[in-house]
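*Asks:* quick one, what's the 3D model for this:
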Amino acid sequence: MKNRKRSGQAMVEYIIIVVVIAIAALAVFGYFGGAVQEKVAGATSSIDSGEHGSAAQDEVQKTTSDSLKSLKKTGI
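*Replies:* Below you'll find the predicted structure:
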């Protein structure tokens, strides 16, 4: 009979720990939710506008073509 009481007690303790962690997670998400939402919105608008994406793509193409030109000159 003692083992059953202890296992029930252990289960209640685990449930209490899970509830405390869930409440803490909700509090953290509530506290930082606005900042995360702003960052995601900024990233999404940047992707949608294509301004930063096209500039980065142009830079990669320029670097790649410069590298190929230098390879042709050196013959390596």
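*Asks:* ok, residue 8 - contacts?
*Replies:* Under the criterion of Cβ atoms under 8 Å, 6 or more residues apart in numbering, residue 8 has no contact partners. For every residue, glycine as well, the C-beta is placed using N, CA and C.
*Asks:* for this protein, what are the low-confidence residue spans?
*Replies:* Filtered on pLDDT under 70, the chain yields the residue ranges 1-7, 48-61, 63-76.
*Asks:* what segments of the protein are helices?
*Replies:* For the chain, the helices defined by DSSP state H cover 2-49, 51-74.
*Asks:* residue 9: neighbour count?
*Replies:* Here the number of neighbours of residue 9 (other Cβ atoms under 10 Å) works out to 10.
*Asks:* against residue 15, how distant is it?
*Replies:* 11 Å (Cβ to Cβ, to the nearest Å).
*Asks:* residue 8 now?
*Replies:* On the measure of Cβ to Cβ, residue 8 and residue 15 end up 11 Å apart.
*Asks:* and the gap between residue 43 and residue 37?
*Replies:* 11 Å.
*Asks:* please apply the same query to residue 27.
*Replies:* Residue 27 is 16 Å from residue 37, by Cβ to Cβ.
*Asks:* before we move on, what about residue 23?
*Replies:* Taken as Cβ to Cβ, the span from residue 23 to residue 37 is 21 Å.
*Asks:* for residue 46, same thing?
*Replies:* 15 Å.
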